Structures are given as structure tokens and as C-alpha cells.
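A.B. asks: structure of the sequence below:
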Amino acid sequence: MSDDHTPKYLRVLEVLQKRIQDGTYPVGERLPSEAALVREFSVARSTVVRALNDLELLGWIEREHGRGSFVKSPPSGESEDRPRLGLAVLDRQEDADSVRLVEAGRRSAPGWVAARLGLAKNAPVVLRRYLGVHEGVISDLVSLWAPLDIASKGPLGQPDPLTVPVRRLLTMAAAGRLVRVMETISARRASDDEAKLLELAPGEPVLSVVGSVLDSTGRTVLVAEVALPGSLHELTDSYPI
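C.D. replies: From the prediction side, this is the model:
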């Protein structure tokens, strides 16, 4: 494990990563339960939940409501420790237990969203907004904005859980293949609406991850924002010097 100054949740995350890498937990195997990890590491459940949430966002595990956390193939490449939050949102499987839909339908695009989509300010788009939940813990607030022609080719604006991941919907709707997610990460004050939905403590900030999904024609076909409670998430990077 890391030294004593490392946050507890990160120590749990690092140990689980090493066990996946060395084969202690093979691909497809279920990890120990949250209760078992709480006992093993002598930490609070919120610490374990945070470590598992970040492992899922990093692409190391898949979490299934009522079944537990299952090992995926460890990410490869030089940036394997970098969170791929945009991709996590695109590949998330919605169901009634893991997603609480806040709104879905046609809206006017905020200026910054319109700019990313190459549309005029207040142009109509389809917004899909939901809370990500695991075992009763709210982990994030996701907002997805799509141009009307893209959204009209699938159920993105319908008020029911999607039966396929967003990536598949975009693949079928976009003129070209999906090639890139451009992400911007920033910390900011939560809006009143976000504070209420995420059940934040007074003054608690959010970590905002905004991703633009581009296809091979260079068009931005989706803008996604993931708002993460500041007390539950911390993005960490490691690189040689």
C-alpha cells in the first residue's frame, strides 16, 4: 500500500488494482462484497463505495446491482490510470436500480453546450439527465445533450431506462464512426439544483467532467457532463518524471 498520507479510499483502490493485475482476482470474477472489504481494510462503507466507484470509472470493474462488482480486463496503455469518465457514461447500462431519471426531452441548449455542438445559442436539443446510484448511494449526476437529428434516431429523449448503452445509439445515429471523446475536468460550486439532487452538504463543491463525443467527420454528436460530489470522488494521476 501507499504511505500513511494516502487517502484511505485510494489505498483500497490500489490494492484491488494490484490484485487484478497479478491475477488474484481473474477477469470475470466477483470481488469480495462491500461488507467484506470494509472488514478487511477497517474503513467505512463510504470509503469502499468510493474506491469501487472510481475503479468502475477507470474501467477495471463492472458493478451490477444486487450481484456485486466483477473484474474486467485491466486497462492498457500509458494512460491506464487516467479516469475515462466520458467512456464510462457512454457504456453505462441503465436500469431502474442504478439510474434515477431526472428529465428527458427537448430543451434549449445552454450557450456552452450549443458552442460545443456547433449550434446557435438556445437551439433545440434533446437533454437526458439522470442520477447514477449504487446500493442506495448517489454517485453522480449525468447530463447528456444531443442534436435533434441524432436524438431522433433513438430513444435518448424517452422517459424510460435505455435498453442499450448510449454509445450504441450514437453509433447507429452518427454519420461517421465514433472516434474521440474530448474531456475537460474542473472543480466548481454546485448549483442549487445539483446540490439538491446530489444531496450535497452545504458548500460542498462538485467535480465537473464535460465530454464532447466526436465522429470521424469531425462533428460533435453528443455533449455529456458528469457532476461528481466533491466528498465522494477524487481524480488521481501518476506518471514518471
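
A.B. asks: where in this structure is pLDDT low?
C.D. replies: By pLDDT under 70, the low-scoring segments of the chain are 1-7, 74-87, 232-241.

A.B. asks: show me the domain layout of it.
C.D. replies: 8-71, 85-229 (automatic domain parsing).

A.B. asks: got those domains as a markdown table, with mean neighbour count columns?
C.D. replies: Using the backbone N, CA and C atoms, a C-beta is placed for each residue, glycine as well. What follows is the domains of the chain, written out as a markdown table (neighbours: other CB atoms under 10 Å):
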| stretch | mean neighbour count |
| --- | --- |
| domain 8-71 | 17 |
| domain 85-229 | 17 |
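
A.B. asks: where do the strands of the chain begin and end?
C.D. replies: 61-64, 68-71, 99-108, 124-134, 137-147, 178-189, 205-215, 220-229 (DSSP state E).

A.B. asks: of the ones you listed, which approaches residue 18 most closely?
C.D. replies: strand 68-71 (12.6 Å; CB to CB).

A.B. asks: by contact count, what packs against the closest one?
C.D. replies: When contacts are defined as 3 or more CB pairs under 8 Å, 6 or more residues apart in numbering; DSSP states H and E, strand 68-71 packs onto helix 45-57, strand 61-64.

A.B. asks: out of these, nearest to residue 168?
C.D. replies: strand 61-64 (16.2 Å).

A.B. asks: can you name every helix or strand that the closest one contacts?
C.D. replies: Where contact means 3+ CB pairs under 8 Å, 6+ apart, strand 61-64 is packed against helix 45-57, strand 68-71.
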